[in-house]
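Participant: Kindly generate the corresponding structure for this input.
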Amino acid sequence: MLKQTYTVSGMTCNGCKNSVEKSLLKFNEIVEATVNLEKKQVEVLLNDEISVQKLQSGLADKFVISEKKEQVDNAFKEEETSELKQLYPLFLIFTFITSASILIHFRDWQIAEFMYTFMGLFYVVFSFFKFLDVKGFAASFAMYDPLAKILPKYGLVYPFIELSLGLCFLMHFQIIPALIFTIVILGITTVGVTKSLLSKQSIKCACLGSVLNLPMTKATFIENSIMIFMAIFMIVKLV
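Facilitator: Numbering: from 1, shown residues only. Have a look, this model is predicted:
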């Protein structure tokens, strides 16, 4: 049995109270219905789930039934908590990469060196997870990356591109081309991520490959934006 509380507007007297209770008890899913006229609420005991739309269809037009606000808020909080749990690996990796980059240059701090190390570690670590299942990554990547949609093989090559860029930054090799490549490939991906977020599509983020189940969220957009910002900053600084 499931107990639910709904808000019902339009009730003004005991006649309304009785009308709502009788109407709700006509549904097979409802075992018991108790109206609190003062609080404008009805508590129902269910033997099966039932939608608010269906409940509304059984009531007179003067009554409007809706989920109790607390229940809606709790559902939102649970969904938000679940999403944060899913994103925990991403936040943890970012924390480790940032901490490692700071510690490496702690004694002789230079913002440029910190950025090179951060970007290098970012690419190497993220490419590692993609290499665990390259085909799975390519399939997920093609769901939102514009170029991967047109050229499926691009998704298969992408982990190698990331690894190469990571080594370039860590070894200070061909920095300018590496920065330009970063802006181009992450810029393309960010366009796809933005479209997915705006359309509210439920798509799996492929940033950590297919091994970890990460939802496409604003965190993915921020992650790419940070790298693009660093690349632009360093190009301006070098030129």
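
Participant: Just list the residues touching F126, thanks.
Facilitator: 93, 162, 207-208 (C-beta atoms under 8 Å, 6 or more residues apart in numbering). Where you see a C-beta, it was placed from the backbone N, CA and C, and this is true even at glycine.

Participant: ah, wrong one, I meant Q56
Facilitator: Neighbours of Q56 in contact, by C-beta under 8 Å, 6+ apart: 64-65.

Participant: buried stuff in the helix or strand hosting it?
Facilitator: Following DSSP states H and E, one finds Q56 within helix 52-57. Using 16 or more other C-beta atoms under 10 Å as the test for burial, helix 52-57 gives L55.

Participant: now stretch 108-126
Facilitator: Within stretch 108-126, judged by 16+ other C-beta under 10 Å, the buried ones are 114-126.

Participant: So which of the contacts of F126 is the closest to A142?
Facilitator: C207 (14.0 Å; C-beta to C-beta).

Participant: For the closest one, give me the backbone phi and psi.
Facilitator: Note on C207: backbone dihedrals following degrees, to the nearest 10 are phi -60, psi -30.

Participant: right, and the helix or strand after the lowest-mean-pLDDT helix or strand in the chain?
Facilitator: The least trusted helix or strand in the chain, going by mean pLDDT, DSSP states H and E, turns out to be strand 214-215, with a mean of 70. Sequence-wise, the next helix or strand downstream of strand 214-215 (DSSP H and E) is helix 218-238.

Participant: Wasn't T34 part of a helix?
Facilitator: No - per DSSP: H, G, I helix; E, B strand; the rest coil, T34 lies outside any helix segment and is strand.
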